[in-house]
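here is a sequence together with a model predicted from it:
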Amino acid sequence: VDAIKTYVEQGGRAMFLLDAPLKFGYPTADNAALANLLQSWGVSADKDLVLDLSPVGQLMGLGPEVALISTYDAHQIVDDLKGTTTGFPISRSLNVNDTDKTKVSKLFESSASSLATTDLNSPKINPDDPKNKRGAMTLGAAGSYTTGKEKSEGRFVVIGSSAWPANSFI
């Protein structure tokens with residue numbers, strides 16, 4: 001994590017693919033050092049699982065564990081994806097904000113019919129649990145780190161799903 005920090009803060013580029021921290025099946029271990037680094041850059045990864053309750057995914061043969069994205073924010077990273085649908089399996093939500101050294105932009109978010117559960121110990125999800133977070137949630141963000149040197153800006157992308165690159169919808 002220290003090497004990644006130094007690399008980006010000296011003008012390097014990095015992409016982070018973060019899975020939901022499930023505690024069953026193939027559990028995902030927490031990496032507090034990485035979480036703290038990303039938070040210092042303005043991206044906080046929530047300890048949740050985003051579920052898309054939109055019927056569109058069901059029509060495509062998908063379950064609620066695959067968040068479908070069909071609208072993208074204005075950013076050159078996702079400009080070519082406009083008009084396409086991408087799926088983000090087993091995603092976690094992100095919170096983004098600028099810091100004194102970083103500028104962070106949201107790339108895309110889940111549908112308004114999404115929910116995020118923090119009950120990560122069982123594959124059984126209660127969509128009516130009042131602790132669930134509801135509505136559109138950020139699943140991807142891009143940021144830049146000001147190094148203080150001309151034309152030497154560090155850049156990073158954070159996606160709340162590691163299965164995204166294997167996306168069969170693109």
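Perfect, I can see it now.

now do the end-to-end distance for stretch 40-58.
According to C-alpha to C-alpha, to the nearest Å, stretch 40-58 extends 38 Å from its N-terminal end residue to its C-terminal end residue.

tell me where this structure has helices.
Along the chain, the stretches classed as helices by DSSP state H are 2-9, 32-40, 55-59.

which parts of the longest one are buried?
Which is helix 32-40. When burial is assessed from 16 or more other C-beta atoms under 10 Å, helix 32-40 yields the following buried residues: 35, 37, 38. Placement of C-beta: from N, CA and C, glycine included.

for residue 77, list the residues it contacts.
Taking C-beta atoms under 8 Å, 6 or more residues apart in numbering, we find residue 77 in contact with 107, 142, 157.

what is the burial count for residue 122?
Here the count is done by other C-beta atoms under 10 Å, and residue 122 has 11 residues near it.

do residue 123 as well
Number of residues near residue 123 (other C-beta under 10 Å) recorded here: 10.

before we move on, what about residue 70?
When neighbours are counted by other C-beta under 10 Å, residue 70 registers 15.

so it is in contact with residue 85, correct?
Yes: counting by C-beta atoms under 8 Å, residue 70 sits close enough to residue 85 to count as a contact (4.7 Å).

nearest to residue 164, out of the helices of the chain?
Counting by C-beta to C-beta, residue 164 lies closest to helix 55-59 out of the helices of the chain; the figure is 15.2 Å.

show me where the protein has its strands.
Under the criterion DSSP state E, the chain contains strands at 13-17, 43-45, 49-52, 66-69, 86-89, 94-96, 102-109, 114-117, 133-134, 138-145, 154-159.

tell me how far the residue of the chain positioned farthest from its centre lies from residue 115.
When distances to the mean C-alpha position of the chain are computed (C-alpha atoms, centre = their mean), the maximum falls on residue 150, with 29.5 Å. With distances defined as C-beta to C-beta, to the nearest Å, the gap from residue 150 to residue 115 amounts to 45 Å.

just name the shakiest helix or strand of this protein by mean pLDDT.
Least confident helix or strand, the chain: helix 55-59 with a mean of 74, by mean pLDDT, DSSP states H and E.

tell me which residues of it are tucked away?
Residues residue 57 are the ones in helix 55-59 that count as buried (16+ other C-beta under 10 Å).

now do residue 167, the pLDDT please.
Residue 167 carries a pLDDT value of 68.

and for residue 24?
According to the predicted model, the pLDDT of residue 24 comes to 82.

likewise the one 10 residues further on?
We have a pLDDT of 96 for residue 34.

give the contact list for it.
Residue 34 sits next to 1, 4, 16 when contact means C-beta under 8 Å, 6+ apart.
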